[in-house]
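Student: Quick one: sequence plus predicted model below, questions after.
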Amino acid sequence: EAQVTQNPRYLITVTGKKLTVTCSQNMNHEYMSWYRQDPGLGLRQIYYSMNVEVTDKGDVPEGYKVSRKEKRNFPLILESPSPNQTSLYFCASSLRGTGSYNEQFFGPGTRLTVL
Amino acid sequence: ELKVEQNPLFLSMQEGKNYTIYCNYSTTSDRLYWYRQDPGKSLESLFVLLSNGAVKQEGRLMASLDTKARLSTLHITAAVHDLSATYFCAGSPGSGGSNYKLTFGKGTLLTVNP
């Protein structure tokens, strides 16, 4: 089944404790992206990747890191989480190129709470 | 910078009624997307609109795009309870990497009452 998976789905942690949220897709998509969703603010892009070893900042990259060492994986790293990073995080992926219409497929989400 | 504005943000409808959600965007967007999100769930792609005058329909939902007015609409016909969800529109402007970035509206929380 074509899908985007994220782990963990739920995480409660404490300020300053490094964590990684994994994202994996099995559709051979070049493009992958991370969004956070907050009440009243909608979804905002954190980072994106056009292909392996190619990443760039989105609208709200502060406090986050990403890497893209393999095509299928795009982990989101919080080196020193803070309470303002409490949010619902979504990973998304899509094909590149005009034929794909850039339709993005979203993972199930990771609800992160930083105490 | 692309900005996307949806209205209304909250919509309570009776079953069987029709209604329209509006999505305005601020600058050129070469494609417009509609997504549905159920509570606690992920986003499900509903429609991708690529060109001026594009109209797509799926069941009781119909989406259209007017690039000259920078407006997309999501029309709901004869609403049923199963349509209760939050609906997002999103645009993607520019070229290169930013062409793939989605800028979302704040979403419309639709509640269909019996």
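Tutor: Here it is on my side, so go on.

Student: In terms of helices and strands, where is A:Phe90?
Tutor: In the assignment (DSSP states H and E), A:Phe90 maps to strand A:87-94.

Student: Could you give the separation of the helix or strand of chain B with the lowest mean pLDDT from the chain centroid?
Tutor: One helix or strand of chain B scores below all others by mean pLDDT, DSSP states H and E: strand B:103-104, with a mean of 90. In terms of CA atoms, centre = their mean, to the nearest Å, the centre of strand B:103-104 is set 11 Å apart from its chain centre.

Student: what pairs with that strand, and is each one parallel or antiparallel?
Tutor: strand B:85-91 (antiparallel) (DSSP bridges).

Student: May I have the partner strand as PDB, with CA atoms only?
Tutor: These are the backbone C-alpha positions of strand B:85-91, laid out as PDB (Å, rounded to 0.1, in the frame of the first residue of the first chain):
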ATOM      1  CA  ALA B  85     -14.800  17.700   8.700                       C
ATOM      2  CA  THR B  86     -12.300  20.600   8.300                       C
ATOM      3  CA  TYR B  87     -11.600  21.600   4.700                       C
ATOM      4  CA  PHE B  88      -8.400  23.300   3.700                       C
ATOM      5  CA  CYS B  89      -7.500  25.000   0.500                       C
ATOM      6  CA  ALA B  90      -3.800  25.400  -0.400                       C
ATOM      7  CA  GLY B  91      -1.900  27.100  -3.200                       C
END
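
Student: For residue 93, give me the pLDDT.
Tutor: I'll assume chain A. The predicted structure scores A:Ser93 at 93 on the pLDDT scale.

Student: right idea, wrong chain: chain B
Tutor: On the pLDDT scale, B:Pro93 gets 68.

Student: Likewise for B:Lys101?
Tutor: B:Lys101 is given a pLDDT of 77.

Student: tally of neighbours for it?
Tutor: Applying other CB atoms under 10 Å in any protein chain shown, we find 23 other residues in the vicinity of B:Lys101. C-betas here are computed from N, CA, C, even on glycine.

Student: these two touch, right, it and B:Ser92?
Tutor: Yes - B:Lys101 is within contact range of B:Ser92, at 6.1 Å (criterion: CB atoms under 8 Å).

Student: out of everything not next to it in sequence, what's closest to B:Lys106?
Tutor: Closest residue in space to B:Lys106, ignoring its immediate chain neighbours: A:Gly42 at 4.4 Å, by CB to CB, 6 or more residues apart in numbering or on different chains.

Student: so what's A:Pro8 closest to, chain neighbours aside?
Tutor: That would be A:Thr110: by CB to CB, 6+ apart, it lies 6.3 Å from A:Pro8.

Student: Residue 90 bridge partners, please.
Tutor: No chain specified, so I'll use chain A. Using DSSP bridges, the beta-bridge partners of A:Phe90 come out as A:Tyr35.

Student: try again with chain B
Tutor: Here B:Ala90, judged by DSSP bridges, has bridge partners B:Tyr33, B:Phe104.

Student: Next, the contact list for B:Phe47, please.
Tutor: B:Tyr33, B:Trp34, B:Lys56, B:Glu58, B:Leu61, B:Ala63, B:Leu74 (CB atoms under 8 Å, 6 or more residues apart in numbering or on different chains).

Student: Tell me the buried residues within those residues.
Tutor: Neighbour-count burial (16 or more other CB atoms under 10 Å in any protein chain shown) is assigned, among the contacts of B:Phe47, to B:Tyr33, B:Trp34, B:Leu61, B:Ala63, B:Leu74.

Student: Show me which of the residues you listed is closest to chain A.
Tutor: Among the buried ones among the contacts of B:Phe47, B:Tyr33 lies closest to chain A (CB to the nearest CB), at 7.3 Å.

Student: No more questions from me, cheers.
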